[in-house]
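>>> Got a predicted model here, sequence first, then my questions.
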Amino acid sequence: MEDKIRVLLSEEEVDKKIEEIGKQISRDYEGRSVHLICVLKGGIFFTCELAKRITVPVTLDFMSVSSYGAGTKSSGVVKIVKDLDEPLEGKDVLIVEDIIDSGRTLAYLIEILKKRGPKSLSLCTLLDKPERRVTDVKVDYAGFNIPDEFVVGYGLDYAQKYRNLPYIGVVEV
Ligand SMILES: O=P(O)(O)OC[C@H]1O[C@H](OP(=O)(O)OP(=O)(O)O)[C@H](O)[C@@H]1O
Ligand code: HPA
Ligand SMILES: [Mg+2]
């Protein structure tokens, strides 16, 4: 059966926001290059769109972590499914995420990546659900603060579906 999806942020709103964040990152990293870490799978769409709008040199690496499984609740246990290919030593690293919800994924990632000696480590997320936070994380670039609703689209899934929607929606139950 098809789920009913209500649009929370339209494709135009999301595109406009990514453009703004891209400009801001390009200004902040002027004269340097930025090493983007895409957090798979959710971060893939945002990373691609953002990287295209950054004007300083960009390098990319991918890491896959998972804590949500097939449901809408975090298991609380973050698992590395795929590690980075390249070392981080001396690099200006920017982690790119689709959403910060409980904050567990990012808190865990930051803890392990900090130990790999990056020159700097910053964090960029398209969506932030501050109400749901159980662990403190410092966000450097955030697109939208959203209410406590389970969202899909732009990389975000519900049981692996809807990642390809070009907007952010809420699955109506
Ligand atoms: O702040 P948190 O409560 O930790 O939630 C945020 C994380 O959860 C989702 O990933 P998920 O673990 O579902 O894996 P996926 O990206 O492969 O869908 C999302 O893409 C974030 O990475
Ligand atoms: O709202 C959400 N939607 C999809 N995946 C998620 N992972 C954490 N929060 C969410
Ligand atoms: Mg994810």
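Thanks, I have it. Numbers count the residues shown, from 1 in each chain. Ligands and ions are numbered 1, 2, ... in the order given.

>>> lowest average confidence, helix or strand, in this protein?
Sorting the helices and strands of the chain by mean pLDDT, DSSP states H and E puts strand 79-82 at the bottom, at a mean of 89.

>>> Now do the host helix or strand of Ile18: which elements does it pack against?
Using DSSP states H and E, the element containing Ile18 is helix 11-28. Judged by 3 or more Cβ pairs under 8 Å, 6 or more residues apart in numbering; DSSP states H and E, the packing partners of helix 11-28 are helix 44-52, strand 120-128, strand 141-145. Glycine gets a C-beta too; all of them are placed from N, C-alpha and C.

>>> Get me the contact residues on the protein for ligand 1.
Counting by Cβ under 6 Å from any ligand atom, the chain comes close to ligand 1 at 39-42, 66-68, 74, 97-105, 157.

>>> from those residues, which ones fall inside strands?
Val39, Leu40, Ser66, Glu97, Asp98, Ile99, Ile100 (DSSP state E).

>>> can you tell me which of those residues lies nearest to Gly153?
Asp98 (9.4 Å; Cβ to Cβ).

>>> Look up the closest residue to the closest one, ignoring the ones flanking it.
Gly42 (3.8 Å; Cβ to Cβ, 6 or more residues apart in numbering).

>>> so who does the one you found touch?
Going by Cβ atoms under 8 Å, 6 or more residues apart in numbering, Gly42 touches Glu97, Asp98, Ile99, Gly155, Leu156, Asp157, Arg163.

>>> If we use 10 Å, what do you get?
64-66, 68, 96-99, 105, 126-127, 154-157, 163 (Cβ atoms under 10 Å, 6 or more residues apart in numbering).

>>> Quick check: it vs Asp3, distance?
18 Å (Cβ to Cβ, to the nearest Å).

>>> How about Val81?
From Val81 to Asp3 the distance is 26 Å (Cβ to Cβ).

>>> Phe45 too?
19 Å.

>>> neighbour count winner among these two?
Phe45 (22 against 13; other Cβ atoms under 10 Å).

>>> State the pLDDT value of the more buried one.
The per-residue pLDDT reported for Phe45 equals 98.

>>> Which residues are in contact with it?
For Phe45, the contacting residues are 14, 18, 38, 98, 126, 153-156, 163-166, by Cβ under 10 Å, 6+ apart.

>>> related to what we said a few turns ago, give me the sheet partners of the least confident helix or strand of the chain and which way each runs.
strand 58-66 (antiparallel) (DSSP bridges).
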